[in-house]
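# Give me a 3D structure for the following:
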Amino acid sequence: MNRRLLGVLLPLIFQFLFAGAIILATQGTGSFVGLGAMLLGFVALPVTALLNWMQIRSKPELPALQLAARIFLITAIFPAFLVFLYAVAS
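This is a model prediction of the structure:
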């Protein structure tokens, strides 16, 4: 239960805060990056949480460090895309 809680909630909170930071950083610049981050977050946050949960459930025998690396790679896709979107639009 502890692995599932840490592997799903911590990345979800990280992504939520990162998307919020991008939304606040682009507020008032006339760019649609903040809107894109919000709309993409509606889909990306639950999908990432689901993928992390499935990763934990399908591989319970993995060592914690290897599982954390896989979860990090899955979780990093959404923030990396937001940084790309922000860089392209600015």
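
# all contacts plus neighbour counts: C-alpha atoms, from now on.
Will do.

# Next up, identify which helix or strand Leu67 is on.
helix 64-75 (DSSP states H and E).

# Counting neighbours, which bits of that helix end up buried?
Of the residues in helix 64-75, those with enough neighbours to count as buried (16 or more other C-alpha atoms under 10 Å) are 67-68, 70-71, 74-75.

# cool, stretch 38-56 as well?
38, 41, 44-45, 48-49, 51-53, 55-56.

# now do stretch 82-89
Using 16+ other C-alpha under 10 Å as the test for burial, stretch 82-89 gives 82-83, 85-86.

# same for the helix holding Leu67, what does it pack against?
Here helix 64-75 touches helix 2-25, helix 33-58, going by 3 or more C-alpha pairs under 8 Å, 6 or more residues apart in numbering; DSSP states H and E.

# closest one to Ser90 among these?
Of all the helices and strands packed on helix 64-75, it is helix 33-58 that lies closest to Ser90, at 9.1 Å by C-alpha to C-alpha.

# That closest one packs against which elements?
Against helix 33-58 (3+ C-alpha pairs under 8 Å, 6+ apart) you get helix 2-25, helix 64-75, helix 77-89.

# And the residue nearest the centre of the chain, how far from Lys59?
Centre of the chain computed as the mean C-alpha position; nearest residue by C-alpha atoms, centre = their mean is Gln15, 3.7 Å away. As defined by C-alpha to C-alpha, to the nearest Å, Gln15 lies at a distance of 23 Å from Lys59.

# now Ala87
In this view, Ala87 and Lys59 are 36 Å apart by C-alpha to C-alpha.
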